[in-house]
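K.L.:
sequence plus the predicted model coming up.
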Amino acid sequence: MTLPFKIDQLPEILPRLLIGTLRERLRKEDIKFEPIVTNGRANAEVHWLFKGEESNGASGAIIRYNKGGYSPLHLHTGFELKYILEGEMHTSMGTVKKNDLILLRPGSVHESWASDIGCISLIIWLEPVKKID
């Protein structure tokens with residue numbers, strides 16, 4: 001199974017994401033996913049909204065975990081706010097589904113893996129996470 005929408009529909013699925021002067025809206029041609037190769041993630045892609053080097057450590061992104069997508073055990077060094085846009089993801093702390101809004105506090109530790117339908121989420125990290133070996 002796959003997510004029940006095409007990536008071109010992402011701007012319509014998101015709550016109205018306004019950028020810049022609030023007159024611009026995220027457009028499908030603006031969304032460029034690239035593989036995530038940090039912290040041991042597998043079968044996952046990211047569209048960066050802003051990166052830590054641009055914002056004193058905080059980052060924001062749209063993350064797509066495809067079927068089989070995985071994020072190994074990691075420590076949150078700062079707050080993370082995650083909104084599930086589509087699909088579902090299993091974590092060592094429970095399952096999260098479409099329209100769930102999750103707040104992870106500094107010191108939280110968990111791993112995540114995508115369900116059979118995958119997952120797309122909007123994530124804001126105040127500080128980077130650290131992989132736990």
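P.N.:
Perfect, I can see it now.

K.L.:
which element is the residue nearest the centre of the chain on?
P.N.:
Nearest residue to the geometric centre of the chain (CA atoms, centre = their mean): residue 63, 3.4 Å. Using DSSP states H and E, residue 63 falls within strand 59-76.

K.L.:
about what we covered before: so the residue nearest to the centre of the chain is in contact with residue 120, correct?
P.N.:
Yes: between residue 63 and residue 120 there is a contact under CB atoms under 8 Å: 7.1 Å. Where C-beta positions appear, they are placed from N, C-alpha and C, glycine not excepted.

K.L.:
and stretch 35-48, average pLDDT?
P.N.:
Stretch 35-48 carries an average pLDDT of 84.

K.L.:
what does that stretch contact?
P.N.:
Contact partners of stretch 35-48, identified using CB atoms under 8 Å, 6 or more residues apart in numbering, comprise 31-34, 59-72, 74, 114, 129-131.

K.L.:
ditto for stretch 94-104
P.N.:
76, 79-89, 110, 115, 119.

K.L.:
beta partners for the residue lying closest to residue 81 once chain neighbours are set aside?
P.N.:
Leaving aside its sequence neighbours, residue 81 sits nearest to residue 124 (CB to CB, 6 or more residues apart in numbering; 4.6 Å). Beta bridges link residue 124 to residue 60, residue 81, judged by DSSP bridges.

K.L.:
then residue 44?
P.N.:
Here residue 44, judged by DSSP bridges, has bridge partners residue 65.

K.L.:
circling back to that earlier point, quick check on the contacts of stretch 35-48: which are buried?
P.N.:
Taking 16 or more other CB atoms under 10 Å as the criterion, what is buried in the contacts of stretch 35-48 is 33, 59-67, 69, 71, 74, 114, 129.

K.L.:
just the helices in this protein please.
P.N.:
10-13 (DSSP state H).

K.L.:
show me the shaky parts of it.
P.N.:
Residue ranges of the chain with pLDDT under 70: 1-23.

K.L.:
tell me where it has strands.
P.N.:
Under the criterion DSSP state E, the chain contains strands at 18-19, 24-25, 34-35, 42-50, 59-76, 80-91, 94-97, 101-104, 109-125, 129-131.
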